[in-house]
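Trainee: structure here, sequence nowhere to be found:
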């Protein structure tokens, strides 16, 4: 049923949004496509065919898929372990908070932290392999360590998705099965697990996509035997000076990314096991775990959490010693360096993050509201388009922006705007999804009541809807800020003389063997992110409706 | 939530962005924009000295050689910078094809050796950077080895999986290395590639950047590698326990250059910077700032400590024209026969 | 399966069951306090009470989903107090049915049988029989979300009885259905229960439902059992104001015992003396009492010899009867009159005489 929104404010908003989407999502993508398929004599398939004919590129493609598969499986397993323990092991509130905190670290840290820690720990003279276990000549490069690093880095995303799914499961299902004589293990196998499958599938797809797009980890850990696409695309451009080839390689990544997105949207989304009838009755307890199972789960989680904390402890240590691995004298000189030489980068990054955050948050809430609540022509198309830059790997978006915005009609390379635009349109979809999800829980009749009382749609949105979706809004704010502080794959192509970013400085420092400043920058980013996220949470609790769990989890409850 | 109307919020945001942009100094004639391939702590003192001497303000950002060139190519139709500063010659050679440089011969052009300049003036060298062997002292002691003094020393089984060096697809260091091996084998490609294939057995990883292996060697994660002397000395200065040595058969070096960007907004200022960079005025600053490049200008002395290290080194010159003509072919062959060889 | 039960029905005995939990504001609270109950074999006993009275918690303790903090639960000969729910052989029907959405109707019902590792042929037969029993023959391959509320309820029922549990427990199974379906389903449940002869504990807050299907009703309030008995016993002899008001409607009239005779009682209230032809129920002369007078037992007449004089406040016509609110002194009494041809009806403002019943009036302490 299509009918044009009769409300002028809504129509205006839709028009403005479409304009923004066309400029910042569709136009760069088109520019990339044109570049990939343009040769000397106009449109041609030759660059595409050359790239595909190269066996190492095909291997990189296969490797990327393999890596993503491993990371998807391993990460989902780990995330399930954590989510199940958090929901069912009857942990005290403080233990759950500790679990969440350990989980949060990989999510909010700049790139390379886990990769470098793995290198130090498991290299030929690694701290763990060599000094603790006496294994010499262990190799830290290759598929295993890359997969391990990506699993640890990304599993928190799956955890944040799985946890509410497990928490919302109707305990009566398990009780029913239990009352019919099934053992606890059988209940888990035949009821709990099957009902969690949509959530598990969703988590898997999220991790698969994240691994496909990861450029930073394989850059450090993959070694030469295991090329992967995002790194190949980057190297094609910066090593072989082949922008067209790089564009083509990026587009290859588009295929699995699109497949993942479609699967997520149309297959998993349709199969959620909503409880069959309405009222659940008083919240009843699920079956308790056996004491042994509970201890085992807690021990496993504790072990993983300790590993994560160890990696980050290494980072902090590297930031306060003169030269990690050579000179272990205490020093604050690295922090001095980052706050003097590195101050422009800090300044720039904070400004960009501070501007991008509210813009991204508002954009997310606006789009989420329009898509969830209003019917207008092209509604589904808008929803899909807003997700494009999010679904694409960062390198593609960065290259596309570089190609599109360096020439008329819109020349914004070298400005802050290009970086802010990249962030806003790439990282807001989390806020959009959160808004849509939250709106689905709020009955339309509330807004209809406001309209019936004479308020216009703008007032209704501002005074009724927005306060109710505060958690989603804050979730969007948080994600845009975190990603603005920690992103690298897109922005490595967008920095300029006027604007440079901390993550790019970290990469440079690593290349220049300046490990101390790199670690100091990383610690600084983590501290800032924690402070801002905590601040947002405090603000949310003062301003918004009482937290209702679902969206808070995006902020790392 | 305070009732700030949506449109007012949007205007405020737009105004903020405009203000931030405006806060950037306007592109005035007394400003230069530079992409520097040299690390910041090398480039900054040079630019500061230039500013003092000329009054022209230099704004720069550091990129690796590949990234810098890629940006210049992408920005071809609307260049954002005036000068490409530092970086190995072969980066500049690759850029000439793409038409991103404008020829310019600074005053000292005639004084320079042929390998320190492009015949048409597309680039001019400002420094020279020899390759060296760098090894970890602890590793050497453990295996009772002396620092490698021959290319064949690196084939020793003790180095199995313990060498790190650059990847030729992305790093000029590797290309210089390959041409060095070619030269010491009398340009016999079969012998050279035979050696490199054997060397591959001992290589742990080919790093993306030229200096990427220095940290692992410094930490002991790798035993030895082949790097530019600048990177090797940087590692030692940071406190890592490494040793520098040279193969008696000879090893090559690569010049660092500077060039004028085609279509620069401030070509006059750019020329002044190139003049400065190719003159003793700048190159005599290497020594006091502990920048371990060998100056390209013949009238500037190499710093004493550096000269001492290089005293007995056998540096073989690499013909840049030969290199330019055969680079792609040899890199491709290296990728196919060496990199992708089964281990 | 469709015939007499194979196993003899069992009795359930609860002795001093208590369940506490910590409340965020109130501190430690008793959900269930010292509940003792004996349920006869084959009986359908209903736990009835307002929400929060502890009836569901008690039921869940019988099922084994909660463990009591004190007391014992005996099913048949076995003390099951500390036995896990999957070892008690009970059938539980949930308020929201709790059907497994990822399994077909057949698999839902067959679940318990599969746990017992019955051979497939036997499972197929038992499931077919029980589905026919609940009127869902042919529904084996449907998915739960394709069924209506009533059909889902029947599947839940079938699932709970197919493996021949010793005890059947129902947790407000009909509250999600519409009124007409509720009446129909409760009759079917009662029918089934009688046919199977399974001891059943039923929880509801709907007193009409409780009265319609139960052998006995246990009324609960704030964690305690207030009174147990048949519907009639509870209706005609409520032990407290709570029960009197919870089951049916009641007027409570305050009065004082004027005189006690052998088979007669005189009570003064509202300026009158009421003579009741019944025993004194243990009260002495002079005691303050309250009389429980059901609305349908109060007759309204324009003039009556021993009536209480009052004024009609409101009249609500409900088809089969008319309900009146009448002010007598400073009290408002509810009276209802069944419609009959030629009957008199009164309008608000009319003066009437209320004639109270003269026997069988429950008396509570004042």
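Mentor: Cool, got the structure. Keep in mind that this is a model prediction, so the values were computed, not measured.
Trainee: how far away is residue B:148 from chain A?
Mentor: Computed as CB to the nearest CB, to the nearest Å, the residue B:148 to chain A distance reads 18 Å. Just so you know, the C-beta spots here come from the backbone N, C-alpha and C atoms, and that holds for glycine as well.
Trainee: residue 231: neighbour count?
Mentor: Looking at chain A here, since you left the chain open. 25 (other CB atoms under 10 Å in any protein chain shown).
Trainee: that's the other chain; I wanted chain C
Mentor: Here the count is done by other CB under 10 Å, and residue C:231 has 21 residues near it.
Trainee: now do the contacts for it.
Mentor: C:210-211, C:214, C:217, C:247 (CB atoms under 8 Å, 6 or more residues apart in numbering or on different chains).
Trainee: which of the residues you listed tops the neighbour count?
Mentor: In the contacts of residue C:231, the most neighbours by other CB under 10 Å go to residue C:217, 28 neighbours.
Trainee: you'd agree that residue is up against residue C:48?
Mentor: Yes. At 5.2 Å, residue C:217 counts as touching residue C:48 under the criterion of CB atoms under 8 Å.
Trainee: which neighbours do the two share?
Mentor: C:210, C:247.
Trainee: now, the contacts of residue C:231 that are in helices?
Mentor: Those of the contacts of residue C:231 mapping onto helices are C:210-211, per DSSP state H.
Trainee: what about the strands in the stretch 251-366 of chain C?
Mentor: C:251-260, C:265-269, C:272-276, C:288-293, C:299-301, C:308-317, C:321-328, C:331-338, C:351-355, C:363-365 (DSSP state E, counting those that start in this stretch).
Trainee: mind putting the ones you listed into TSV with mean pLDDT and mean neighbour count?
Mentor: Listed next are these as TSV, based on pLDDT from 0 to 100; neighbours: other CB atoms under 10 Å in any protein chain shown:
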stretch	mean pLDDT	mean neighbour count
strand C:251-260	88	17
strand C:265-269	85	19
strand C:272-276	82	16
strand C:288-293	90	19
strand C:299-301	89	17
strand C:308-317	92	16
strand C:321-328	92	19
strand C:331-338	90	17
strand C:351-355	90	18
strand C:363-365	88	17
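Trainee: wait, which of these is closest to residue B:117?
Mentor: For these, the distance to residue B:117 is smallest for strand C:308-317, at 109.7 Å, taking CB to CB.
Trainee: show residues contacting that closest one.
Mentor: C:270, C:272, C:322-329, C:332-333, C:345-354, C:356.
Trainee: now do the SS call for residue B:144.
Mentor: Secondary structure for residue B:144, judged by DSSP: H, G, I helix; E, B strand; the rest coil, is coil.
Trainee: how near is it to chain C?
Mentor: From residue B:144 across to chain C, the span is 66 Å (CB to the nearest CB).
Trainee: just grab the bridge partners of the closest residue to chain A within the stretch 201-350 of chain C for me.
Mentor: Relative to chain A, the nearest point of the stretch 201-350 of chain C is residue C:203 (10.5 Å; CB to the nearest CB). With DSSP bridges applied, residue C:203 shows beta-bridge pairing to residue C:47, residue C:171.
Trainee: looking at chain C, which helix is longest?
Mentor: Under DSSP H, chain C gives helix C:179-196 as its longest helix.
Trainee: residue A:102: how many residues sit nearby?
Mentor: 20.
Trainee: I'd assumed it was in a strand, is it?
Mentor: No. Using three-state DSSP, the assignment for residue A:102 is helix, not a strand.
Trainee: next up, the contacts around the nearest residue to it once chain neighbours are set aside.
Mentor: Among residues not flanking residue A:102 along the chain, residue A:305 sits closest, at 3.7 Å (CB to CB, 6 or more residues apart in numbering or on different chains). For residue A:305, the contact set (CB under 8 Å, 6+ apart) comprises A:98-99, A:102-103.
Trainee: which of the residues you listed tops the neighbour count?
Mentor: residue A:103 (24 neighbours).
Trainee: for beta bridges, what are the partners of residue C:289?
Mentor: Under the criterion used (DSSP bridges), residue C:289 bridges to residue C:255, residue C:365.
Trainee: is it true that it touches residue C:365?
Mentor: Yes. With contact defined as CB under 8 Å, residue C:289 counts as touching residue C:365 (6.5 Å).
Trainee: what's the overlap in contacts for these two?
Mentor: Common neighbours of residue C:289 and residue C:365 (CB under 8 Å, 6+ apart) are residue C:283.
Trainee: burial count for the closest residue to chain B within the stretch 1-150 of chain C?
Mentor: Nearest residue of the stretch 1-150 of chain C to chain B (CB to the nearest CB) works out as residue C:24 at 28.4 Å. By the measure other CB under 10 Å, the count of residues near residue C:24 is 5.
Trainee: backbone phi and psi for it, please?
Mentor: The phi/psi pair for residue C:24 (degrees, to the nearest 10) reads phi -60, psi -40.
Trainee: mind pulling up the pLDDT for it?
Mentor: The model reports residue C:24 with a pLDDT of 74.
Trainee: can you check residue C:242 too?
Mentor: pLDDT, residue C:242: 93.
Trainee: which ones are touching the residue of the stretch 151-300 of chain A found nearest chain C?
Mentor: Across the stretch 151-300 of chain A, the shortest distance to chain C (CB to the nearest CB) belongs to residue A:180, at 3.5 Å. Contact analysis of residue A:180 by CB under 8 Å, 6+ apart lists C:86, C:91, C:111-112, C:115, C:159, C:163.
Trainee: which ones among the residues you listed are found in strands?
Mentor: residue C:91 (DSSP state E).
Trainee: so which of the contacts of residue A:180 wins on neighbours?
Mentor: residue C:159 (30 neighbours).
Trainee: wait, what's in contact with the spatially closest residue to that one that is not a sequence neighbour?
Mentor: Excluding the flanking residues, the one nearest residue C:159 by CB to CB, 6+ apart is residue C:109, at 4.8 Å. Residue C:109 is in contact with C:127, C:130-131, C:155, C:158-159, C:162, counting by CB under 8 Å, 6+ apart.
Trainee: how about residue A:157?
Mentor: Residues in contact with residue A:157, defined by CB under 8 Å, 6+ apart, are A:79, A:107, A:203, A:206-207, A:210.
Trainee: if we go to 6 Å?
Mentor: Neighbour list for residue A:157: residue A:206 [criterion: CB atoms under 6 Å, 6 or more residues apart in numbering or on different chains].
Trainee: got it, and residue B:213?
Mentor: B:164, B:207, B:225.
Trainee: residue A:175: which of these is nearest?
Mentor: When the contacts of residue B:213 are compared against residue A:175 (criterion: CB to CB), the nearest one is residue B:207, at 58.0 Å.
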